[in-house]
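**Student:** Okay, sequence plus prediction incoming.
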Amino acid sequence: MKAVLEQITQDFRHSFHCAKHEGLQFNSPWHYHPQWELTYITKGTGILYIGNTIRNFCEGELVLVGQNLPHCWRNETIKGETVESVFIQWDENLLGENWLEHPEFHAIAYLLNQSHKGVLFSTKAAANVIDKIKSLNQLQPFERLWHFVDLLHTLSAYDTETISHEADFAINHQVSKRIDKLIDFVENNYQNQISAADLASITYLTPSSFSKFFRKTFQKTFTAYLNELRISKACILLRNSDKQVEDIAFLCGYNNMAFFHRRFKKMMGTTPALYRKSLGLIAN
């Protein structure tokens, strides 16, 4: 999953790209592009990798990805179920050169500036604008552009949550290649013990060099990164299954329940049982 430069589809009739994805999986690799991207998850759950952060996602979420911010969605494959999303991509010349410098667009400019670390909108905000997003492709070109700018203005008034909390993500071929191997390896082995030797081997570094590389790249330790993935996987199981909390902890790589509870509460701000209860599900 090397972070690749994605070429966004260009349409001479429109100033921005708006499309729907539907299939068995979200299949884009870990990638980036100079365009901003607004994505609404219509159906599906899974893991979002964005910048230096891992988090679980579910349907109904609306995320704004900044320019050149590496990201990818990986859904949890459930037999017979498809995934769906609606997304919009646009570049900095949407309304011409330097349009964001005009005073009328200061609120939009501020929102787009925040997106360089990824922005998550509230469930309420997403619900209020999804009909506007879905209707864009039904409009004539002028109305389509006008309604999209109005959508950005509407979104700029909502409170948002920053997703990736650390420094800007540096991109180069060597880093991308190592992260490619790392993400795939961890996705396939997060349930097991992962040794320093394992990590060094897949990145062709010594254990000491890997530790320095990882901290410099992600601004966190590998242990913190692994716990983010494991807790995100636990959230998905709590949401989508009726498994006991103890079984979920084990399936996500935790053999010590006390440690699992501490890590879960630190990341999610609540216990696994209360998290499940907050979703309207039965707590174990």
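**Tutor:** Done, it's in.

**Student:** Sketch out the low-pLDDT regions of the stretch 101-250 of the chain for me.
**Tutor:** 166-174, 176 (pLDDT under 70).

**Student:** try 90 this time
**Tutor:** Within the stretch 101-250 of the chain, the ranges that satisfy pLDDT under 90 run 141, 164-184, 187-188, 195-197, 199-205, 212-220, 240.

**Student:** got the residue ranges for the helices in it?
**Tutor:** 106-114, 123-135, 141-156, 173-189, 196-203, 207-218, 222-240, 245-251 (DSSP state H, counting those that start in this stretch).

**Student:** was I right about Ala196 contacting Pro207?
**Tutor:** Yes: counting by Cβ atoms under 8 Å, Ala196 touches Pro207, with 4.0 Å between them. Heads up, the C-betas are built off the backbone N, CA and C, glycines and all.

**Student:** Excluding chain neighbours, what is closest to the one residue sitting closest to the centre of the chain?
**Tutor:** Nearest residue to the geometric centre of the chain (Cα atoms, centre = their mean): Leu48, 3.3 Å. Take Leu48 and drop its neighbours on the chain: the residue closest to it by Cβ to Cβ, 6 or more residues apart in numbering is Phe57, 4.7 Å away.

**Student:** pLDDT score assigned to the one you found?
**Tutor:** We have a pLDDT of 91 for Phe57.

**Student:** so the residue nearest to the centre of the chain touches Val65, yeah?
**Tutor:** No: with contact defined as Cβ under 8 Å, Leu48 does not reach Val65; the gap is 9.6 Å.

**Student:** roughly how far apart are the nearest residue to Gln35 once chain neighbours are set aside and Thr270?
**Tutor:** Distance criterion Cβ to Cβ, 6+ apart; nearest residue to Gln35, sequence neighbours excluded, is Gln89 at 4.5 Å. According to Cβ to Cβ, to the nearest Å, Gln89 stands 35 Å off from Thr270.

**Student:** Looking at the two, which has the bigger crowd around it?
**Tutor:** Using other Cβ atoms under 10 Å as the criterion, Gln89 and Thr270 rank with Gln89 on top: 19 against 13.

**Student:** Show me the beta-bridge partners of the more buried one.
**Tutor:** Beta-bridge pairing for Gln89 (DSSP bridges): His17, Glu37.
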